[in-house]
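> Mind looking at a prediction? Sequence and model below.
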Amino acid sequence: MALSKVTVTSSIDEQGIAVVRVEGAIVTNLSGTDAAPVMKEILHKSNPPRVILNLANVRYLDSYSFNWIIKLMKECEKGEGMFAISDPNDDIMALFDLSSFGKAVPVYATEQDAREAMLGGDDSKRIANE
């Protein structure tokens, strides 16, 4: 399995919600990519931290990445904030379903669904593993 280059971009909207977009077909150890310093900066500058991790352009994540995502979510919650994943493709959703990851971390089909949940507290559009 060949690894792909990982590109990370971020933005913070007028409501203080940060969106971090990761691009790279095969991502191993997400914490070892440019995503780590971007997330660290967002977590330290935002009060409370509200972060959406957009995975639309990621086809595979390894277990190290899953662990890092859980740590990010806990960090956000510790700061009275919120964390969510958005735009998982079918391959990522299959991994989330297999591991029941979606039960632990809020996952939404779109950034807009995640944003609405953060702003309004309605998580009815959350993708849940049964």
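Looks like it arrived, so ask away. Here the structure is a predicted model, which means the values were calculated and not measured.

> does the residue nearest to Gln15 when sequence neighbours are not counted sit in a helix, a strand or a coil?
Taking CB to CB, 6 or more residues apart in numbering as the measure, Gln15 lies nearest to Leu119, with 6.2 Å between them; neighbours along the chain are not counted. Backbone N, C-alpha and C define where each C-beta goes, glycine included. With DSSP: H, G, I helix; E, B strand; the rest coil as the basis, the three-state label of Leu119 is helix.

> Could you double-check that Leu119 lies in contact with Gly16?
No. The pair Leu119 and Gly16 fails to qualify as a contact (CB atoms under 8 Å) at a distance of 9.9 Å.

> the strands in this protein, which residues?
Along the chain, the stretches classed as strands by DSSP state E are 7-12, 17-23, 26-27, 50-57, 60-61, 82-86, 107-108.

> on that earlier part again, for Trp68, see how far away the residue nearest to Gln15 is.
In this structure, Leu119 and Trp68 are separated by 26 Å, where distance is defined by CB to CB, to the nearest Å.
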